[in-house]
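1. sharing a model that was predicted from the sequence below.
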Amino acid sequence: MSGMTTFQADPKAPPPKLSDVPSPEGRFGAFGGQYVPETLMAALAQLEQVYDKVRHDREFWDELRGLFATLVGRPTPLYKAERLTAHAAELSSRHGNGGQAATIWLKREDLAHTGAHKINNTLGQGLLTKRMGKKRIIAETGAGQHGVASATAAAHLGLECDVYMGSEDVRRQRLNVIRMRILGARVIEVDSGSKTLKDATNEAMRDWMGSVDGTHYIIGSVVGPHPFPMIVRDFQSIIGTEAKAQSLRYIGRLPDAIVACVGGGSNAAGIFYPFIDDAKVQLIGVEAGGRSRSAGDHAATLSFGAPGVLHGTLSYVLQNSDGQTADVHSCSAGLDYPGVGPEHSYWKDSGRVTYTAADDAQALDAFTLLARTEGIIPALETSHAISEAVRLAATMKAEQHVLVCCSGRGDKDVDEAARLLTQRDEQR
Ligand SMILES: *Cc1c(COP(=O)(O)O)cnc(C)c1O
């Protein structure tokens, strides 16, 4: 409401841009904020202060860009998926769109070091940790991708690293546990609650409350209290900044649509944000539709949730009728989260971004489809975006272009995919 007052007070002022968030108080419209215990307020204030300084510090960004180029392998390519496009054209003729389809392009974050976009954020926050003079980082992880990216940043920057991981996830994601240990990180198993990501996040926050003086908590997505959603978005925006330049170079203009999967929402925020004020570019976020639309069977927070507070921020949350955080399900561990970043809630309510869901079966189909048309095995998370991109491209014109954020590679998922594919074939 205070925004309205300002607007009326100065009718000649240009209307605020959608990209011009968060407010100094950490609000994205009504969403965001800092819902944390007193003990963490000082740490958040320190982080805000340090980040405020480095935002305009050439040296910091030069150092980060150097790491992006030499350690991560950036810029990641923009890849023209011609055989996937041909598949969409086939769908188009079956569905009465005359056999035409938009060209599908993949932004190849799967080629980033450690196999996903997560490393963009952990290197940025790792450098911030050093600026604050802290020597230890902690992180939460579900599938282990953020844990591996944190352990990698810690190894490179000479920081101590403890990663909280639910014991159920430790069992399911053994390979990533081994990778973290090889990189010198300690993996701390969490046995409380459902023994998964939400519980690991609770433990990491508890650790931080007792260790803020020497420890930085690297949150793995655009979630948590201010300034985390802004900081993670800014570090991940390298994806969209590169994609924009590559579109202009290879397509000759901006794409017509961009599609990305949404767990907490960091790869989507990273590719969307540099396009957010380009109203002609349609933006589509794809959540995990799971095995059904019933509560507990999916993780489609923006489709089925309601505003509430989870892990220090006000955003859409999947809740039971009594307001408790609901159980969630997805075939992909990285989308299996009952919350979502506050900026996505803002984009949803403003109508700028459309959110939809792909279910487990559609994701699994897209997983094998991309492998067999392009020779690229995507992460199961990414497969949700691929599924929607193919469906969408088949409704569009031949001269149009769809960009998909290929957020990660699927090596970590081959055991789970093999199990699900066998199950599916037995049911047919
Ligand atoms: C972690 C992960 C995601 C989901 O996280 P976001 O913050 O929503 O991006 C998606 N894809 C891959 C490959 C991941 O590792």
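-> Structure's in. What do you need? Residues are numbered from 1 along each chain as shown.
2. list the contacts of the residue nearest to G334 when sequence neighbours are not counted.
-> Nearest non-adjacent residue to G334, counting by CB to CB, 6 or more residues apart in numbering: E381, 4.2 Å away. C-beta: built from backbone N, CA, C; applies to glycine. By CB atoms under 8 Å, 6 or more residues apart in numbering, the contact set of E381 is 261, 263, 332, 334-335, 407-408.
3. per-residue pLDDT, E381?
-> We have a pLDDT of 97 for E381.
4. confirm that it sits in a strand.
-> No. According to DSSP: H, G, I helix; E, B strand; the rest coil, E381 belongs to no strand; its state is helix.
5. one step back: from the contacts of E381, which are also near the ligand?
-> The subset of the contacts of E381 within reach of the ligand, by CB under 6 Å from any ligand atom, is 261, 263, 334-335, 407-408.
6. and V286, bridged to which residues?
-> C261, T356 (DSSP bridges).
7. and it, how many neighbours?
-> Neighbours of V286 under the rule other CB atoms under 10 Å: 31.
8. wait, isn't it in contact with V259?
-> Yes. Using CB atoms under 8 Å, V286 is in contact with V259, at 6.4 Å.
9. domain assignment for the protein?
-> Split into domains by automatic domain parsing, the chain comes to 28-59+118-233, 78-115+237-427.
10. near the ligand at all, the first one?
-> Yes. Contact of domain 28-59+118-233 with the ligand (CB under 6 Å from any ligand atom) involves 118, 145, 221.
11. distance of the first one from I104?
-> Remark: distance between K118 and I104 (CB to CB, to the nearest Å) = 24 Å.
12. in the protein, where is pLDDT below threshold?
-> Applying pLDDT under 70 to the chain picks out residues 1-10.
13. nearest residue to the middle of it?
-> What sits nearest the mean C-alpha location of the chain, by CA atoms, centre = their mean, is S266, with 2.6 Å.
14. show the contacting residues for the nearest residue to G29 once chain neighbours are set aside.
-> Ranked by CB to CB, 6+ apart and with sequence neighbours excluded, the top spatial neighbour of G29 is Y346, at 4.4 Å. Contacts for Y346 (CB under 8 Å, 6+ apart) come out as 21, 28-32.
15. greatest separation within those residues: which pair is it?
-> For the contacts of Y346, the farthest-apart pair by CB to CB is V21 and A30; their separation is 11.3 Å.
16. of all of this protein, which residue lies closest to the ligand?
-> Going by CB to the nearest ligand atom, the ligand is nearest to G408 of the chain, at 2.3 Å.
17. what about that residue, distance to H87?
-> Distance from G408 to H87, by CB to CB: 21 Å.
18. of those two, which one has the most company?
-> G408 (28 against 21).
19. does the more buried one touch P378 like I think?
-> Yes. Using CB under 8 Å, G408 is in contact with P378, at 7.2 Å.
20. rewinding a little: just the ones in strands from the contacts of E381, please.
-> C261 (DSSP state E).
21. nearest to R65 among the contacts of E381?
-> So of the contacts of E381, ranked by how close each gets to R65 (CB to CB), first place is S407, at 20.9 Å.
22. excluding its backbone neighbours, what's nearest the closest one?
-> For S407, the closest residue by CB to CB, 6+ apart turns out to be N267, at 4.1 Å.
23. contacts for the helix or strand hosting the one you found?
-> Using DSSP states H and E, N267 falls within helix 266-272. By CB under 8 Å, 6+ apart, the list of residues contacting helix 266-272 from outside reads 107, 109, 116-118, 120-121, 220-222, 232-233, 235-240, 243, 258, 260-262, 283, 285, 341, 343-344, 347, 353, 403, 405, 407.
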